[in-house]
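Asker: test case, fold it:
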Amino acid sequence: QVQLVESGGGLVQAGGSLRLSCVASGRTFSSYAMGWFRQAPGKEREFVAAISWSGTTTDYADSVKGRFIISRDNAKNTVYLQMNSLKPEDTAVYYCAARGSAYILSRARNGYMYWGQGTQVTVSS
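Answerer: Below is the predicted model:
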């Protein structure tokens, strides 16, 4: 079992930045590729970014590419999502998730075994 706890959400003006953190506890964090997803009101949960166990491989949704950066610190059991140049359409609850494969990334929700409770990000125009 892996427990995931996100933090760092909040209210920010358009063009601003936020950094989300997700701390994992339980089984060996470095055994898991990690992902970030988001869900806006009335919409499906969608893929944002993913990172391999080593941090050397990343993947981003087109909507955030060039603005968001995913990273991880295995010594701290933490994955981060640095969000820059935020837009109102980035408003959503952001979830981190752990995937059973350490190497192969996935954009599919059913590719992840464990989920956090989410943190709200609100971007005002």
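Asker: now the helices for the protein?
Answerer: Counting by DSSP state H, the chain yields no residue ranges for helices.
Asker: ok, now which ones touch the nearest residue to F47 once chain neighbours are set aside?
Answerer: The shortest distance from F47 to any residue other than its chain neighbours is 4.1 Å, reached at R107 (C-beta to C-beta, 6 or more residues apart in numbering). Every residue, glycine included, has its C-beta placed from N, CA and C. By C-beta atoms under 8 Å, 6 or more residues apart in numbering, the contact list for R107 reads 35, 47, 50, 59, 61.
Asker: how many residues are close by L11?
Answerer: 12 (other C-beta atoms under 10 Å).
Asker: where's it relative to Q39, distance?
Answerer: Per C-beta to C-beta, to the nearest Å, L11 is found 18 Å from Q39.
Asker: and what of V79?
Answerer: 18 Å.
Asker: who are the contact partners of the most centrally placed residue in the chain?
Answerer: Nearest to the geometric centre of the chain sits W36, at 2.3 Å (C-alpha atoms, centre = their mean). Contacts for W36 were tallied using C-beta under 8 Å, 6+ apart; they are 20, 22, 48-50, 70, 79, 81, 94-97.
Asker: now swap in V121 and tell me
Answerer: 9-10, 12, 18, 20, 38, 83, 86, 90-94.
Asker: among the residues you listed, name the ones in strands.
Answerer: 10, 12, 18, 20, 38, 83, 92-94 (DSSP state E).
Asker: so what's the residue count around G66?
Answerer: 9.
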